[in-house]
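Visitor: Here you go, sequence then predicted model.
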Amino acid sequence: MNVFINGKRNRRITKTISLLLSALMIIGINFACTPNETEIKKENVVKEDKISIGMAFDSFVIERWQRDRDVFVSTAKEMGAEVNVQNANGDIDEQKKQIQYFIDNDVDVIVIICIDADSLSEEVQKARNAGIKVIAYDRIIRNSNIDLYISFDNKTVGAQMGNALVESGLKEGDDVIMIGGSPVDYNVPALEEGFMEVMKENNITISDVTHCDAWKAELATDYMNANADKVSEAEAIMCGNDYIASKVVSALAEQRLAGSIKVTGQDADLEACQRIVEGTQLMTVYKPVDDLAKRAAECAIKMAKGEDIGAEETINDGKYDVPYISLTPIPVNAEDMDEIIIGSGFHTREDVYLNAR
């Protein structure tokens, strides 16, 4: 049974009416049941009315995704919703199957951390046709008319990396290498745009640019080994995230250059914070993922209930202007590690300074 308002199916009203009809049928049948049997069946009807959310992750190779998952699931459960988490392990075809699984199971909202921004528009349209809301979490899904994109300001992330290098002493004519993340993740070009603008403003030369397909950090190791001469001539290396930075610093250590070539990253991974206080990584960009995950969970539940999510901005996904919620990233170096990372409780002081004794 479907209920239509202004030509569209209202999922929550449809579910509620269906549940009420089920309850009435149970009441009629239960004249022949014992009191305990009746209570059990009524309880099952109530449980079925919970908001259901499907969460489709790219993978958990990147450290921060595990934290995003835990905070999102915890927040949603506290608000009375159920979350089904699926992990595609970097396989776009598997992610498509998992989204279809959520559609077949008639969830209320699907939250997607996409693998390829250009490959999911058909799946998003199927979900929307079924009356299911879709949120693109931290990575936009292109040309798909999603119901919400929620992320950090990625161009600002790149600018923060560039400004940190300038403030650390990089000057006109110095060389910088860029080792970015997955080129099909549209956060990557936004980040790189912000970074390159700062380099251009300060007449700093970008001597080479490469990318790690599918965010495979081991590709950074391959690059460092194959381009040892070029690396040795650079004053800095901009890394797409802290995991890539970990491979870069390891390769620099093998070349006895760790600490002499400045390295940037993002995500404030624990090992990155350790490298910063040890002096082998210049900075990272802290993204308060707890805030992002909580806000996303709250928005998902409001969407399921038909409530306003309070998105005041829009962003173009290549074809449509979609609702956009943007959070502010925070640059972190050794000087403000205690205040920002430890003070916020993101990592403990004992863990951060484990190797810096």
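Guide: Structure's in. What do you need?

Visitor: Residue 87 - how many residues pack around it?
Guide: Per other CB atoms under 10 Å, the neighbour tally for residue 87 reads 18. Every C-beta, even on glycine, is put in place using the N, C-alpha and C of the backbone.

Visitor: Give the closest residue to it in space, chain neighbours not counted.
Guide: Spatial nearest neighbour of residue 87, excluding adjacent residues (CB to CB, 6 or more residues apart in numbering): residue 57 at 5.0 Å.

Visitor: quick one, what contacts the one you found?
Guide: Contact analysis of residue 57 by CB atoms under 8 Å, 6 or more residues apart in numbering lists 65, 69, 85, 86, 87, 88, 113.

Visitor: List every C-alpha atom in stretch 112-127, with coordinates, as PDB.
Guide: What follows is stretch 112-127, C-alpha atoms only, in PDB (Å, rounded to 0.1, in the frame of the first residue of the first chain):
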ATOM      1  CA  ILE A 112      27.300   6.600   0.600                       C
ATOM      2  CA  ILE A 113      31.000   7.100   0.900                       C
ATOM      3  CA  CYS A 114      31.600   6.600  -2.800                       C
ATOM      4  CA  ILE A 115      34.500   4.900  -4.500                       C
ATOM      5  CA  ASP A 116      34.000   6.600  -7.900                       C
ATOM      6  CA  ALA A 117      32.100   9.900  -8.000                       C
ATOM      7  CA  ASP A 118      31.100   9.300 -11.600                       C
ATOM      8  CA  SER A 119      29.800   5.700 -11.400                       C
ATOM      9  CA  LEU A 120      26.800   5.800  -9.000                       C
ATOM     10  CA  SER A 121      24.200   8.200 -10.600                       C
ATOM     11  CA  GLU A 122      22.100   5.200 -11.900                       C
ATOM     12  CA  GLU A 123      22.000   3.700  -8.400                       C
ATOM     13  CA  VAL A 124      21.100   7.000  -6.800                       C
ATOM     14  CA  GLN A 125      18.300   7.500  -9.200                       C
ATOM     15  CA  LYS A 126      16.900   4.000  -8.400                       C
ATOM     16  CA  ALA A 127      16.900   4.800  -4.700                       C
END
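
Visitor: any chance you could map the helices in the protein?
Guide: 11-29, 35-48, 63-78, 92-104, 121-129, 154-167, 187-201, 218-226, 228-232, 242-254, 270-278, 289-305, 337, 349-352 (DSSP state H).

Visitor: Residue 100: how many residues sit nearby?
Guide: 13.

Visitor: So it is in contact with residue 126, correct?
Guide: Yes. With contact defined as CB atoms under 8 Å, residue 100 reaches residue 126; the gap is 7.2 Å.

Visitor: how's the protein carved up into domains?
Guide: Structural domains assigned to the chain are 50-146+290-324, 154-287+330-352, following automatic domain parsing.

Visitor: now those domains in TSV, with mean pLDDT?
Guide: Shown next, in TSV, are those (pLDDT from 0 to 100):
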stretch	mean pLDDT
domain 50-146+290-324	95
domain 154-287+330-352	97
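
Visitor: for residue 121, what are its contacts?
Guide: With CB under 8 Å, 6+ apart, residue 121 has these contacts: 141, 142, 143, 144.

Visitor: Mind doing that once more with 6 Å?
Guide: Residues near residue 121 by CB atoms under 6 Å, 6 or more residues apart in numbering: 143, 144.

Visitor: Return the distance of it relative to residue 305.
Guide: Applying CB to CB, to the nearest Å, the value for residue 121 to residue 305 is 26 Å.

Visitor: can you count the residues close to the nearest residue to residue 271 once chain neighbours are set aside?
Guide: Closest residue to residue 271 apart from its sequence neighbours, by CB to CB, 6+ apart: residue 246 at 5.8 Å. Using other CB under 10 Å, residue 246 has 23 other residues around it.

Visitor: same check, this time on residue 78
Guide: Applying other CB under 10 Å, we find 10 residues neighbouring residue 78.

Visitor: If we go by neighbour counts, what in stretch 65-82 is buried?
Guide: Neighbour counts using 16 or more other CB atoms under 10 Å place 65, 68, 69, 71, 72, 73, 75, 76, 81 of stretch 65-82 among the buried residues.

Visitor: whoops, I mixed them up, stretch 303-320
Guide: Residues 303, 304, 309, 311, 315, 317 are the ones in stretch 303-320 that count as buried (16+ other CB under 10 Å).

Visitor: so how many other residues sit close to the residue nearest to the fourth one when sequence neighbours are not counted?
Guide: Counting by CB to CB, 6+ apart, residue 323 is the residue found nearest to residue 311 once chain neighbours are left out, at 3.8 Å. By other CB under 10 Å, the residues close to residue 323 number 18.

Visitor: Could you give the bridge partners of residue 323?
Guide: Beta-bridge partners for residue 323, by DSSP bridges, are residue 314.

Visitor: Number the residues from 24 up from this point.
Guide: Will do, 24 is the new start, and the previous item becomes residue 346.

Visitor: burial count for the closest residue to residue 86 other than its chain neighbours?
Guide: Excluding the flanking residues, the one nearest residue 86 by CB to CB, 6+ apart is residue 292, at 4.7 Å. Neighbour count of residue 292, defined by other CB under 10 Å: 20.

Visitor: Could you do residue 249 as well?
Guide: 11.

Visitor: Tell me the spacing between it and residue 102.
Guide: Applying CB to CB to residue 249 and residue 102 gives a distance of 50 Å.

Visitor: Check residue 134 too.
Guide: 14 Å.

Visitor: Thanks again, I'm all set now.
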